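Q: Structure for the following, please:
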Amino acid sequence: MGESVGAPVEAVSSGRPPANRTVRILGAAVAVLGVLIVVLLVLLLANRESPAAEPSASPTPTPSATPSTSPTPAPSPSPTPTVAAEAPTAPEEPPPPPPPPAPTGPVFTSFSAPSKAGCDGDSGSVEMTFTWSTSKAVKAWFGIATTNAKAAPYEDVSVQAGSYTAYYQCSEASQVYTVTIEDADGKLTHETRTISRN
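A: Alright, predicted model coming up:
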């Protein structure tokens, strides 16, 4: 009976690993993990406390002094051209009137008569001469106290002669004398003078 009981105990003990072995393995693993954790912590702390040495930078060359540039002179403002005040423009003069139309009737090209009779008193008479030249005239009249010698003629005169002698009555203070000429179409032209006694 004693042998039969001991055999199964050995079989049981030989088929399972002992508990101490498992504990040892777990302990070793925990120890390794602890070491790794400690190493990592040390590394982290070392990196924090002593920063990585910065690469020695070559001394920065001192920049050479920039050559002092003379200050650029501010451009002087160009003088504003003064605009001369425009003189008020004078109002434009109206254009000269057109020349009168060329006469279609007879024309006196010249006419001469005294302006004063030259009387010495208020009695008697003084001889006066009228002279003229004409163009296109075929008839002529001499009139006294009228502006139309044809309508109230004193005397018919010769167009070609171009002169007439009349007498001024010194009893009159002034008198009107007219020479009227007529062309072939019956158109009239008059030359009138008012002559005073003296």
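Q: Show me what counts as buried in the helix or strand where Phe142 lies.
A: Secondary structure assignment for Phe142, by DSSP states H and E: strand 139-144. Residues of strand 139-144 classed as buried by neighbour count (16 or more other C-beta atoms under 10 Å): Lys139, Ala140, Trp141, Phe142, Gly143, Ile144. In this view, the C-beta of every residue, glycine as well, is placed from N, C-alpha and C.
Q: quick one: contacts of the following helix or strand past that strand?
A: The C-terminal neighbour of strand 139-144 among helices and strands, as given by DSSP H and E, is strand 155-157. Contacts to strand 155-157, defined as C-beta atoms under 8 Å, 6 or more residues apart in numbering, come from residues Lys139, Ala140, Trp141, Phe142, Tyr164, Val179.
Q: Could you dump these into a markdown table with distance to Gly121 and pLDDT added?
A: Output for the contacts of strand 155-157, formatted as a markdown table (distance: C-beta to C-beta, whole Å; pLDDT from 0 to 100):
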| residue | distance to Gly121 | pLDDT |
| --- | --- | --- |
| Lys139 | 37 | 95 |
| Ala140 | 33 | 96 |
| Trp141 | 31 | 96 |
| Phe142 | 26 | 96 |
| Tyr164 | 25 | 94 |
| Val179 | 28 | 96 |
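Q: And those residues, which two are furthest apart?
A: Checked with C-beta to C-beta, these reach their widest spread between Lys139 and Tyr164, with 13.7 Å between them.
Q: Grab the nearest non-local neighbour of Thr171.
A: Quick fix: residue 171 is Ser, not Thr. Asp122 (5.5 Å; C-beta to C-beta, 6 or more residues apart in numbering).
Q: Longest helix in this protein, please.
A: Ranked by residue count and defined by DSSP state H, the top helix of the chain is helix 19-49.
Q: tell me the pLDDT at Ala52?
A: Ala52 carries a pLDDT value of 49.
Q: My error: substitute Gln160 in the last question.
A: Per the predicted model, pLDDT is 87 at Gln160.
Q: Quickly find the element holding it.
A: Assigned by DSSP H and E, Gln160 falls outside every helix and strand.
Q: how close does it sit to Ala140?
A: 9 Å (C-beta to C-beta, to the nearest Å).
Q: Was I right to think the residue nearest to Ser171 contacts Arg197?
A: Yes - proximity of Asp122 to Arg197 meets the contact threshold set by C-beta atoms under 8 Å, at 7.2 Å.
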